[in-house]
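> structure for the following, please:
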Amino acid sequence: MERLTIQLFDNTGKLVAELPVTDEVSHFYNEGVRLAYEGKMEKSINSFQQAITLEPRFTDAHYNLAVSYYALGRIEEAKTEYELVLDHRPQDVDALNNLGTIFAINGDLERAKELFTKALEFDEEFALTHRNLAAYYQTIGDTVKTEYHFHKAKELDNKVFDREPGPPKIKNPQRQESFLSLLTKNPKGTTALMSLANSADEAQLIVELIEDQNVEMLMNWFCTKEDRQEKLVAIASELDDASDLVMSLLSAGTTYVALKPEGQAQTAGFIDPGRIDPKERKNIRQNYELVFAKPIDPDGALHSNHLYLAARCVSVAKKVSPQLVTIIMDRFLIEFELEIAPPERAIRTIGEMGNIAIDPLMEFIKDSQRDTFSREDAALALGAVGSDNVIKSLGEWLDEVETEDAAMPLYALGITKNPKAIPIIQSWMQNKQTHPKMWVAQEALAKLKRS
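Coordinates of the predicted model:
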């Protein structure tokens, strides 16, 4: 069974930490889930409450407690629990929809609409949100928006209106089940397992890892060989939503890198780079020392394989949580700052991610307090994306920057290999003929013309 975790998010919905819960908390939580599925809601409430008493931050327990209260008609208690869920996990579209439904039941339609709209901002493809918005707009007589959300909901899930609204469902802790199930049903090859393995021994290993739900070791197995990585990317492209797979890769990968405060003994407590406050990460090499990048097998595959593979899965996925994209980009930028590995591979991989990488890269490059070499690596990654959207963003930045900062957008434009960058640089040169960074513009223009 998958190890249960507490997920901690900031107020923007970004995952900042994931901590395992104790066996005792897991026991009460899983007991509550079982009792709820058996229809024993009063008893499930007691189990979820015991899990929360032991670990108040366990948001999934609060969510399922709310579901149990709702099923028994204890609406106000359910409302309180859903509000607690959203305090800790503001992007939870299920909680947003369920809380919105409670406000609608209580007659506060505008508050209900606010929550449904917020859910839509986090996930535009969630059929239940569109169904709820269709009901809202039908109630207030807006036929155009009613028809839009009705058809959108049907397009996403043509059975969404066939089901009774009923009480919201208990969340099952087996979050990796859909991904693991796909592995056993993959249509490629003579059998599902042999499509993933190159020998009977490998097939047996996969069987054991799936049966044990050992997600970390399974991710490691994929990361250690290039041919396995290609197979996992192919699987990601087949999933309706690759978020579980990407999160599994990122969670497994964090095991293999750590920091210690500069100057402290080697025995100092290890720090996951992703858990350092971004404000403290500027010039991170001055404050922390990379302790290890631990090989995950004798062939020497490093933790960073997980990150690169997660990024590649994102680049081919039909859908993936925006929060995961943010996490991936944040970890790439940490790699630039720590010089964990040569940047060439990271730059190439980010280029494959395309336009979704632009905003975090731009924010990083614009931060003049950061290390210049790290910013140049990020500029190279932005250039590797090279899309028209990149050119537009860099052109706008070039118009805004002060004298000394002009070098960075010029440098980035020069490596995009996009001919649309040429007139932007030429126009800047014409208007800034005495600019001290004119030489950077000249080099960037020459580089573009050569490419």
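> hey, where'd the helices end up in the stretch 1-150 of the chain?
In chain order, the stretch 1-150 of the chain shows helices spanning 23-37, 41-54, 59-71, 75-88, 93-105, 109-122, 127-140, 143-156, with DSSP state H, counting those that start in this stretch as the criterion.
> now do the buried residues in the first one.
Put plainly, it is helix 23-37. When neighbours are counted by 16 or more other CB atoms under 10 Å, the buried residues of helix 23-37 are found to be 25, 26, 28, 29, 30, 31, 32, 33, 35, 36. No exception for glycine: its C-beta is placed from N, CA and C like everyone else's.
> can you check the fifth one too?
By neighbour count, with 16+ other CB under 10 Å as the criterion, the buried positions of helix 93-105 are 93, 94, 95, 96, 97, 98, 99, 100, 101, 102, 103, 104.
> same question for the last one.
For helix 143-156, the neighbour count (16+ other CB under 10 Å) marks 146, 149, 150, 152, 153, 154, 156 as buried.
> what would those residues look like in JSON lines with pLDDT and distance to residue 87?
Formatted as JSON lines, the entries for the buried residues of helix 143-156 read as follows, by pLDDT from 0 to 100; distance: CB to CB, whole Å:
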{"residue": "146", "pLDDT": "86", "distance to residue 87": "32"}
{"residue": "149", "pLDDT": "87", "distance to residue 87": "27"}
{"residue": "150", "pLDDT": "86", "distance to residue 87": "32"}
{"residue": "152", "pLDDT": "87", "distance to residue 87": "29"}
{"residue": "153", "pLDDT": "85", "distance to residue 87": "28"}
{"residue": "154", "pLDDT": "83", "distance to residue 87": "33"}
{"residue": "156", "pLDDT": "82", "distance to residue 87": "28"}
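> closest one to residue 449 out of the buried residues of helix 93-105, please.
The shortest distance between residue 449 and any of the buried residues of helix 93-105, using CB to CB, involves residue 93 and amounts to 48.2 Å.
> what sits against the residue nearest to that closest one when sequence neighbours are not counted?
With CB to CB, 6 or more residues apart in numbering as the criterion, residue 93 has its nearest non-adjacent residue at 4.3 Å, and that residue is residue 119. Residue 119 makes contact with 93, 96, 97, 100, 126, 129, according to CB atoms under 8 Å, 6 or more residues apart in numbering.
> ok, the last one - contacts?
Contacts were defined as CB under 8 Å, 6+ apart; by that measure residue 129 touches 93, 96, 97, 116, 119, 120, 123.
> pick out the most distant pair among those.
Pairwise distances across those (CB to CB) peak at 11.5 Å, for the pair 116 and 123.
> quick one, which of those two is more surrounded?
Summary of the neighbour comparison: residue 116 and residue 123, criterion other CB atoms under 10 Å, with residue 116 having more neighbours (27 against 19).
> OK, contacts around the more buried one?
Residues near residue 116 by CB under 8 Å, 6+ apart: 96, 97, 100, 129, 132, 133, 136.
> again, only using 10 Å
Residues in contact with residue 116 (CB atoms under 10 Å, 6 or more residues apart in numbering) are 93, 96-97, 99-101, 103-104, 128-136, 149.
> tell me how the protein divides into domains.
5-156, 175-326, 327-450 (automatic domain parsing).
> hey, least reliable of these by pLDDT?
For the domains of the chain, mean pLDDT drops lowest on domain 175-326, to a mean of 63.
> element containing the residue positioned nearest the centre of the chain, please.
In the chain, the C-alpha closest to the average C-alpha coordinate belongs to residue 324, at a distance of 0.7 Å (CA atoms, centre = their mean). Assigned by DSSP states H and E, residue 324 belongs to helix 322-338.
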